[in-house]
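In: what's the 3D shape of this:
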Amino acid sequence: MRRRVAVTLWVFPLLLLASGCVGEGPVLADEVPPSIADVQVSRERLTYLGGTVFISARVTDPSGVHSVWAVVRRPDGSEERADFRAGSGGLYEGQLTLRPNTRSDGQAEEYQVWVLARDLRGNQTQRVGDGIRLTVTAPSRPPTPPSL
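Out: Next up is the predicted model:
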């Protein structure tokens with residue numbers, strides 16, 4: 001009988017350790033992408049000359065944030081990526097340079113921007129909706145000459 005009790009007392013701690021009931025507890029799988037909040041842009045409307053737009057966002061994730069970036073869709077449909085820098089308190093910042101509007105038809109050019117992030121476990125956010133819209137206004141057309 002003593003032998004059975006001794007084996008049970010020795011095996012029980014191993015079972016607890018293997019099941020995750022001892023120490024830090026069970027390791028939960030992180031399957032949720034980072035949370036992105038408080039997205040700010042320095043300006044949504046630029047003159048026909050284009051220029052730089054600064055973007056910031058608060059990004060958090062329990063397993064840690066690996067990277068944050070913006071995807072920019074230009075008026076011609078092409079896309080580019082702009083990486084963000086980590087700041088303090090979960091704030092990430094980046095900048096975009098929008099091209100001058102050289103259209104001669106008086107139409108503004110629209111850009112779409114999505115802020116995305118990936119955590120340390122590989123979970124990545126997806127594009128949501130139409131993103132942030134940025135506008136580069138049309139150049140002023142010269143006045144129509146008077147007809148004589």
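In: use CA for all of it now, contacts and neighbours both
Out: Will do.
In: you'd agree Gln95 is up against Val53?
Out: Yes: counting by C-alpha atoms under 8 Å, Gln95 does reach Val53; the two are 5.6 Å apart.
In: pretty sure Asp130 sits against Val115.
Out: No: with contact defined as C-alpha under 8 Å, Asp130 does not reach Val115; the gap is 11.4 Å.
In: in terms of helices and strands, where is the one residue sitting closest to the centre of the chain?
Out: Central residue check for the chain by C-alpha atoms, centre = their mean: the C-alpha nearest the mean position is that of Leu116, 2.2 Å away. Take DSSP states H and E as the rule and Leu116 turns out to sit in strand 109-119.
In: quick check: mean pLDDT of the very next helix or strand once past that strand?
Out: Per DSSP H and E, the first helix or strand lying C-terminal to strand 109-119 is strand 132-136. Mean per-residue pLDDT for strand 132-136: 97.
In: pull up the pairing partners for strand 132-136, direction included.
Out: If you go by DSSP bridges, strand 132-136 pairs up with strand 45-46 (parallel), strand 109-119 (antiparallel).
In: that's all I had, so thanks and see you.
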